[in-house]
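Q: A predicted structure for the sequence below; I have some questions about it.
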Amino acid sequence: SKPRIVYIHGDGVTCWRWGWVERVHAELSRAGYPTHFELMPDSVEARAQYWLPFLHEHVRAAEHDVLLGWSCGAVAAMRYAQTQRVRGLVLVAPYYTDLGLEQVRRSGFVSESWDWARIRAHAAQIAIFHSDADPYISQAELKELAAALQVQPCGLPGAGHFSEQSEFPELIAHVIGTYS
């Protein structure tokens, strides 16, 4: 059966409905996927102490779910998969260090070391979408993360931090092709 797609937005957000996210939600719903697209608590600061319990207790993300995370949401998805089994991870503009940003340091998502083997063991499928022109995430960081997760990332030239697009056909095709 088709897994539920759980979207986890990035930080600094007051509404989950924007650009490609709305399009992906509509297309996946139309294709028969159950979805959970909702504003996270503490959506601007995006702190792990609120997000991880919310995913566990409210969303009840589990082994039948695919976590679709963008930016800080991708980091949250990886951190969640470090302790919980999920069907898969779809990571858009992910990172794993504090990027030299105080806001990321305060989030609490990157303050502890990563257990890449456990994340890989807890998520049967992992995909990474990244850009060669991301203003926040270096290509070196992306390569290190992809190697740690043992994933061949899908690069989209000129996509920046994936905050301007209204379409994301590559992501829709990946989800339908992988989880049909």
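A: Thanks, I have it.
Q: any idea how far the residue nearest to Met78 when sequence neighbours are not counted is from Leu145?
A: Residue nearest to Met78 in three dimensions, not counting chain neighbours: Ile119, with 5.7 Å by Cβ to Cβ, 6 or more residues apart in numbering. From N, CA and C alone the C-beta is placed, and that goes for glycine too. Distance from Ile119 to Leu145, counting by Cβ to Cβ, to the nearest Å: 11 Å.
Q: neighbour-wise, which of these two wins?
A: Taking other Cβ atoms under 10 Å, Ile119 and Leu145 do not tie; Leu145 has more neighbours (24 against 21).
Q: so the more buried one is in which element?
A: Using DSSP states H and E, Leu145 falls within helix 139-149.
Q: output stretch 4-18 as CSV - backbone C-alpha positions only.
A: The C-alpha coordinates for stretch 4-18 follow below in CSV (Å, rounded to 0.1, in the frame of the first residue of the first chain):
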residue,chain,number,x,y,z
ARG,A,4,1.8,8.3,4.1
ILE,A,5,3.9,11.3,3.1
VAL,A,6,4.8,13.4,6.1
TYR,A,7,6.1,16.9,5.2
ILE,A,8,8.4,18.7,7.6
HIS,A,9,9.1,22.3,6.6
GLY,A,10,12.1,24.4,7.4
ASP,A,11,12.6,27.1,10.0
GLY,A,12,11.4,30.6,9.8
VAL,A,13,8.0,29.4,8.5
THR,A,14,4.5,30.6,9.5
CYS,A,15,2.6,28.7,6.8
TRP,A,16,3.4,25.3,5.2
ARG,A,17,1.5,26.2,2.0
TRP,A,18,3.9,27.8,-0.5
